[in-house]
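> structure here, sequence nowhere to be found:
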């Protein structure tokens, strides 16, 4: 009996000394959080500054180095020309500004979005560039530029801009056949000052607009039909190499960004890429991004500013070597696409 009493006293002594029972495990420690009172390393220090709550776990609070760019976008952006703060070719050659800025916008370049937004006037009409709003007296817009405006609408989902634009188009239509005071046939256009029909809205353009309007969930115009899409492949087969074929690729790019999957789309891009297989933009549309394409773009685009920054490389026949006179924004555009998450 004396022996058992001695053991009981010894157990009480051990529990008191250790501060915990033998039968129940200790609760897990609270999660480690950085303390506001932690010692902060100086800007140039590479030492670890331990926190007061967890002295055994170092927390680095020195300068964080920016991860190296996959492509030299910063270098290209440093010399890509601006005109009144908006993307442009050199010497404010911004006659195609809305097309290129819209494409930049759809690739994620905010400066492109701002440029297209600024190229729309209060009445809803789009112009070739912000600088030209209300200034041009002839050919102030075109179907080419309309693809840039559609790219902007698709990227920003700017429904108000889309509706204002369509309202302007509707109000500025021209009656071609009037019977008994009732217009039976109207033509619609993107501008009223074109000398060669470049602003006329064709069935194919109405079809592309319809797809964008559907994507934005906006009411459709009565002219928005889809039968114009059936001619796209034939047009791509016959379009001259250069800017005409590039425009067909831009239409595919729009469909690609909408996530549409119509049967004719892949026939379209197959036709385009087969006709100009060494165009890197066409390769991207056909294959998607890859380390091979990233390396090819890095090798193709100038790292330093060319003497003549006047070309959007992807709209030229590759035999012209237009990249030697790159405007820089063409490289930024494709670079953004190739490095997008």
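Received, thanks. Everything numeric in this text was worked out from a predicted model, so none of it was measured.
> state the distance from residue 193 to residue 223.
21 Å (CB to CB, to the nearest Å). (Glycine included, C-beta is placed from N, CA and C.)
> those two: which is more packed in?
Taking neighbours as other CB atoms under 10 Å, residue 193 and residue 223 compare with residue 223 leading, 19 against 12.
> now that one, nearest residue through space, not along the chain?
Of all residues not flanking residue 223 in the chain, residue 206 sits nearest, at 5.1 Å (CB to CB, 6 or more residues apart in numbering).
> tell me how far the host helix or strand of that neighbour lies from the chain's centre.
Using DSSP states H and E, residue 206 sits in helix 203-215. On the basis of CA atoms, centre = their mean, to the nearest Å, helix 203-215 sits 20 Å off its chain's mean C-alpha point.
> quick one: mean pLDDT for that helix?
The average pLDDT within helix 203-215 is 96.
> so the nearest residue to residue 183 once chain neighbours are set aside is in which element?
Leaving aside its sequence neighbours, residue 183 sits nearest to residue 175 (CB to CB, 6+ apart; 4.0 Å). Using DSSP H and E, the element containing residue 175 is strand 174-179.
> and the angle for the helix or strand following that strand with strand 174-179?
As assigned by DSSP H and E, the chain's next helix or strand after strand 174-179 is strand 182-187. Strand 182-187 runs at 150 degrees relative to strand 174-179, counting by axes from the mean of the first three to the mean of the last three CA atoms, to 10 degrees.
> which other helices and strands contact strand 182-187?
Counting by 3 or more CB pairs under 8 Å, 6 or more residues apart in numbering; DSSP states H and E, the packing neighbours recorded for strand 182-187 are strand 174-179.
> got the buried residues for whatever helix or strand residue 266 lives in?
For residue 266, the enclosing helix or strand under DSSP H and E is helix 263-275. Across helix 263-275, burial judged by 16 or more other CB atoms under 10 Å covers 265, 268, 269, 271, 272, 273, 275.
> equivalent analysis for stretch 296-304, please.
296, 297, 298, 300, 301, 302.
> kindly report the same for stretch 105-116.
In stretch 105-116, counting by 16+ other CB under 10 Å, buried: 105, 106, 107, 109, 111, 112, 113, 114, 115, 116.
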